[in-house]
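[1] Everything below, folded, please.
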Amino acid sequence: MKMTPEKIDQLMSDCTLCPRKCHVNRCAGAVGFCGQSAQLRAARAALHFWEEPCICGPQGSGAVFFSGCSLGCVFCQNRNIALGKAGRLISLQRLTRIFLELQEQGAANINLVTAGHFLPQICFALANAKEQGLSLPVVYNSSGYEEASSLRLLDGLVDIYLPDLKYLSPQLSGQWSQAQDYFQKASLAIAEMFRQTGPPVIDPETGLMKRGLIVRHLLLPGQTADAKRILRYLRSAYGTDIYVSILNQYTPMSHLAELSAPEISLLKRPVTEAEYARVISFAEQIGIEQGYIQEEGTALESFIPEFDGKGL
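    Here you go, the predicted model:
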């Protein structure tokens, strides 16, 4: 089904795109949990070099960072953009042009970062860009907290899915992301993503992914047990048909110092080398063969992009 302006209005006038199902009329300017109306808002569109090697390559991924978020983690590494404080309003036509400009700049792909609350507009702009010559793979970069039915709108438009799988524990997802149903929704969403992409396809000459699914897990302080449960689930559900990226880049953001709730205390420190080593060792033991790990020194705020409106 091709997205039209009329269909966009229909979907946004009673919004149920994400698991929050706010039922607000975003076309009338109302905002739900994501903090965004129906008007597209983005914070940056530029070549990005800090994704997995098969995504960014030497030339960089053409990343478009959208404002707002339907998950709202208390430890969010991109807090300003997630809260909608950073960003500029852009038209559908401008978004189409941004995709083509990133292709002209030599991007390895188009990388849609936290775009779920703008899915109808994304579909419209992608279809238009493809009609105008966009030929790069399209990456959908997500928190994982998605409605599988909404993701079906992207079938045929997205080549690579790059979701997080943050938690298996409903207690953790409830206290840190206000989403006790996180794993329930994210596991269904990832299943839909895999249905669309199938096993990975890697260009043998460039090493870049052309199609497939990479599931990320950001290890959180003190949560090696939950991380192991997540890795075991992924190995059991998908075998070696997906890539798994285990991240140690958790950065305690400055706003956490102002919070005094006991359940926040763990989040005020980085992940230790020993914690990360235990999780990596477990991944190897259970047979996770295709994936990525990170070296030391990634837990730095300097790795977080400037959301300065570049490229918009």
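[2] wait, isn't G68 in contact with A42?
    No. In this structure G68 lies outside contact range of A42 using CB atoms under 8 Å: 9.8 Å. C-beta coordinates here come from the backbone N, C-alpha and C atoms, glycine included.
[3] So which bits of the helix or strand hosting K130 are buried?
    Using DSSP states H and E, K130 sits in helix 119-131. By neighbour count with 16 or more other CB atoms under 10 Å, helix 119-131 contains the buried residues 119-130.
[4] ok, and the closest non-adjacent residue to S61?
    N111 (4.3 Å; CB to CB, 6 or more residues apart in numbering).
[5] What are the boundaries of the helices in the stretch 1-150 of the chain?
    Here the stretch 1-150 of the chain has its helices, by DSSP state H, counting those that start in this stretch, at 5-12, 53-56, 79-82, 92-104, 119-131, 148-151.
[6] Pick out the shakiest of those helices, pLDDT-wise.
    Note on the helices of the stretch 1-150 of the chain: lowest mean pLDDT is at helix 79-82, with a mean of 73.
[7] just the CA coordinates of that helix, formatted as CSV?
    Output of helix 79-82 as CSV, limited to C-alpha atoms (Å, rounded to 0.1, in the frame of the first residue of the first chain):
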residue,chain,number,x,y,z
ARG,A,79,18.1,13.0,26.1
ASN,A,80,17.8,16.4,24.3
ILE,A,81,16.6,14.9,21.1
ALA,A,82,14.4,12.2,22.8
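[8] can you list contacts of it?
    43, 65-69, 72-73, 76, 86-87, 114, 253, 255, 307 (CB atoms under 8 Å, 6 or more residues apart in numbering).
[9] Equivalent analysis for stretch 267-283, please.
    By CB under 8 Å, 6+ apart, stretch 267-283 touches 74-75, 176, 219-222, 224, 227-228, 231, 244, 246, 248, 250-252, 256-257, 291, 293, 296, 299.
[10] Kindly report the same for stretch 217-224.
    With CB under 8 Å, 6+ apart as the test, stretch 217-224 has contacts from 75, 164-166, 172, 176, 226-227, 230-231, 244-250, 266-267, 269-272, 275-276, 278-279.
[11] can you pull the contacts of G32?
    Neighbours of G32 in contact, by CB under 8 Å, 6+ apart: 15, 20, 22-24, 26, 117.
[12] If we use 10 Å, what do you get?
    Listed by CB atoms under 10 Å, 6 or more residues apart in numbering, the contact partners of G32 are 15-18, 20-26, 68, 70, 117.
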